[in-house]
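Student: structure here, sequence nowhere to be found:
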């Protein structure tokens with residue numbers, strides 16, 4: 001069964017950086033379009049960024065474009081989310097999962113309902 005494991009969260013000050021990692025034990029992530037989502041307290045889960053299975057197409061939520069970068073390391077079978085210039089409003093639990101891939105691109109919409117435990121990101125001074 002496809003399951004995702006997120007790591008890399010933590011507590012950082014505004015303006016700081018974190019790199020989140022997404023793995024799917026037993027599966028090759030290059031076979032999937034993968035997205036990062038986040039859920040802040042009292043809010044719905046929202047799509048943040050996605051990467052096509054080819055690794056060539058990315059998409060970002062407007063609020064993070066220019067600050068976050070999604071990438072994949074095939075040797076490590078890991079999808080990363082590099083987060084720079086972090087803001088308090090980025091505070092949330094971050095999840096990764098397979099996303100829809102229309103025309104072999106990616107969409108900020110989960111495909112299926114395979115969610116891991118997530119990793120907490122807290123931005124506070």
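Tutor: Received, thanks. Quick caveat, the model's predicted, so the values are computed rather than measured.

Student: how much space between the spatially most central residue of the chain and residue 50?
Tutor: By CA atoms, centre = their mean, the chain has its centre lying nearest to residue 36, at 2.3 Å. In this view, residue 36 and residue 50 are 7 Å apart by CB to CB, to the nearest Å. Bear in mind the C-beta positions are built from the backbone N, C-alpha and C, glycine included.

Student: list residues touching both of the two?
Tutor: residue 70 (CB atoms under 8 Å, 6 or more residues apart in numbering).

Student: all strands of the chain, in order?
Tutor: Counting by DSSP state E, one finds strands in the chain at the ranges 5-7, 10-12, 18-23, 34-39, 46-51, 58-60, 68-73, 78-83, 92-98, 119-123.

Student: which one of those strands lies closest to residue 109?
Tutor: Closest to residue 109 of the strands of the chain is strand 46-51 (CB to CB; 6.6 Å).

Student: could you pull out the buried residues of that closest one?
Tutor: 47-51 (16 or more other CB atoms under 10 Å).

Student: and if you look at stretch 74-91?
Tutor: Residues of stretch 74-91 classed as buried: 77-81, 83, 86, 90-91 (neighbour count, 16+ other CB under 10 Å).

Student: I'd assumed residue 88 was in contact with residue 15.
Tutor: No: applying CB atoms under 8 Å, one finds residue 15 not in contact with residue 88, separated by 10.6 Å.

Student: tell me how many other residues crowd the residue lying closest to residue 2 once chain neighbours are set aside.
Tutor: Once flanking residues are discounted, residue 2 sits nearest to residue 114: 5.2 Å by CB to CB, 6 or more residues apart in numbering. Residues lying near residue 114 (other CB atoms under 10 Å) number 15.
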